[in-house]
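**Q** dropping a prediction and its sequence here:
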Amino acid sequence: MKNYQFHTTLFGELDVPVDKGLFEDFTITLAGKEIVTSLDIFEDFLNDDNQAIVQKFLEHIPELYQKAKSTLLTNCHTDTVITYFIQYVTEVIDEDEDYQKYLLETLSMVAVEEITNEALIDVLQPRCIRISANQQHQLDCVFDFSLDENYSDQLLVVYFDENFEVYNISHES
């Protein structure tokens, strides 16, 4: 079975088997922050025709990350999906002391009343970055943003098309 090699600044040298794909955790730096994220390159679409698109996505992860965060920040008061996500992850603050402590420490705040939509968006990190085929058999690059998985399983998911345009934002768990 064939393997595809990808040379990246962020993830180093990647050797991706066509029949298995790549599902691996990496420690990377995005926007000056060191984060641990999973890079998933699904096996069901790798071929000679789209190898260049996958490489392009991999090379532009930092820019896509910045664009995703910017889109979330710009729309954090108007987009119903984003506002629902924020409401959902802040609803449980009063019910769980450990979660409240974690969230206030993460946000560098002392009171729940200080928490803003912008502050929450700012601390979200991509748990997973996926490159896969969508329902129209085109390639996507998808960022699954969340708080620490020890405290929340909620994801704010940003989808990019092959032209690096955000075409969907969803809330998943």
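**A** Cool, got the structure. Residues are numbered from 1 along each chain as shown.

**Q** use CA for all of it now, contacts and neighbours both
**A** OK.

**Q** all strands for the protein, in order.
**A** Using DSSP state E, the strands found in the chain span residues 3-8, 12-17, 22-30, 33-41, 125-133, 139-146, 155-160, 166-172.

**Q** format the ones you listed as CSV; extra columns: distance to Glu95 and mean neighbour count.
**A** Below are those laid out as CSV (distance: least, C-alpha to C-alpha, whole Å; neighbours: other C-alpha atoms under 10 Å):
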stretch, distance to Glu95, mean neighbour count
strand 3-8, 43, 14
strand 12-17, 42, 14
strand 22-30, 32, 15
strand 33-41, 28, 16
strand 125-133, 24, 22
strand 139-146, 19, 24
strand 155-160, 20, 23
strand 166-172, 21, 15
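
**Q** turn these into JSON lines, columns for distance to His77 and mean pLDDT.
**A** Below are the strands of the chain laid out as JSON lines (distance: least, C-alpha to C-alpha, whole Å; pLDDT from 0 to 100):
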{"stretch": "strand 3-8", "distance to His77": "35", "mean pLDDT": "96"}
{"stretch": "strand 12-17", "distance to His77": "37", "mean pLDDT": "96"}
{"stretch": "strand 22-30", "distance to His77": "24", "mean pLDDT": "97"}
{"stretch": "strand 33-41", "distance to His77": "25", "mean pLDDT": "96"}
{"stretch": "strand 125-133", "distance to His77": "19", "mean pLDDT": "96"}
{"stretch": "strand 139-146", "distance to His77": "17", "mean pLDDT": "96"}
{"stretch": "strand 155-160", "distance to His77": "14", "mean pLDDT": "98"}
{"stretch": "strand 166-172", "distance to His77": "14", "mean pLDDT": "97"}
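
**Q** quick check: Phe145 vs Gln100, distance?
**A** In this structure, Phe145 and Gln100 are 19 Å apart, going by C-alpha to C-alpha, to the nearest Å.

**Q** actually Tyr84, not the one I wrote
**A** Taking C-alpha to C-alpha, one finds Tyr84 at 19 Å from Gln100.

**Q** same question for Leu30.
**A** Noted for Leu30: a distance of 26 Å to Gln100, by C-alpha to C-alpha.

**Q** give me the number of residues near Lys2?
**A** Residues lying near Lys2 (other C-alpha atoms under 10 Å) number 9.

**Q** buried stuff in the helix ranked longest in the chain?
**A** For the chain, the helix with the greatest residue count under DSSP state H is helix 61-74. Residues Ile61, Leu64, Tyr65, Lys67, Ala68, Lys69, Leu72, Leu73 are the ones in helix 61-74 that count as buried (16 or more other C-alpha atoms under 10 Å).
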